[in-house]
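Predicted structure and sequence below. I'll ask about it afterward.
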Amino acid sequence: MTKVFYEQPDGVEKVVDGVVGESVMSTAVKNGVRGIVGQCGGVLSCATCHVFLATDELSNFDPPSEDEDEMLDCAATDREDNSRLSCQLQLRDGVDVHVTIPAEQL
């Protein structure tokens with residue numbers, strides 16, 4: 001089982017059991033995680049699912065595509081080296097994911 005740890009800007013964390021193959025964004029939306037809207041449904045046409053991925057987990061995922069990289073420039077908060085769109089982070093078996101939600105998305 002894969003777990004996703006969503007940390008709110010105030011430090012409160014919500015832990016959700018994830019389904020392998022689903023995205024961090026869809027898992028958040030299905031479980032009512034505040035701050036991840038996923039307005040476009042995961043097709044890289046918005047940045048309402050922007051998160052900061054734990055830096056030690058960056059290598060667990062492919063680097064951002066060119067489209068994701070461009071869309072991160074449209075996020076409500078300034079991007080950082082560990083910024084990702086959570087719709088592009090696919091859950092894998094046995095790989096837990098820790099993300100922090102930017103305050104500007106609440």
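Received the coordinates, thanks. Numbering: from 1, shown residues only.

hey, where'd the helices end up in this structure?
Under the criterion DSSP state H, the chain contains helices at 24-30, 66-72.

Let me have those helices in JSON lines, extended by mean neighbour count and distance to residue 4.
C-betas here are computed from N, CA, C, even on glycine. Formatted as JSON lines, the helices of the chain follow (neighbours: other CB atoms under 10 Å; distance: least, CB to CB, whole Å):
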{"stretch": "helix 24-30", "mean neighbour count": "22", "distance to residue 4": "5"}
{"stretch": "helix 66-72", "mean neighbour count": "15", "distance to residue 4": "19"}
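
Which among those is found nearest to residue 36?
helix 24-30 (3.9 Å; CB to CB).

Report the mean per-residue pLDDT for the closest one.
Mean pLDDT, computed over helix 24-30, is 98.

Check which helices and strands that helix sits against.
Using 3 or more CB pairs under 8 Å, 6 or more residues apart in numbering; DSSP states H and E, the elements in contact with helix 24-30 are strand 2-7, strand 13-18.

Now the terminal residues of stretch 61-73, how far apart.
20 Å (CA to CA, to the nearest Å).

From residue 50, how far off is the residue nearest the centre of the chain?
For the chain, the residue nearest the mean C-alpha position is residue 86 (2.7 Å; CA atoms, centre = their mean). Note on residue 86: its distance to residue 50, by CB to CB, to the nearest Å, is 7 Å.

nearest to residue 70, of the helices and strands packed on helix 24-30?
Using CB to CB, these put strand 2-7 closest to residue 70, at 24.8 Å.

Neighbouring strands - and their directions - for that closest one?
strand 13-18 (antiparallel), strand 97-100 (parallel) (DSSP bridges).

Please identify the deepest-packed of those.
The highest mean neighbour count among the strands paired with strand 2-7, using mean count of other CB atoms under 10 Å, belongs to strand 97-100: a mean of 21.

how deep is residue 45 tucked in, by neighbour count?
By other CB atoms under 10 Å, the residues close to residue 45 number 12.

Which residues are in contact with it?
residue 71 (CB atoms under 8 Å, 6 or more residues apart in numbering).
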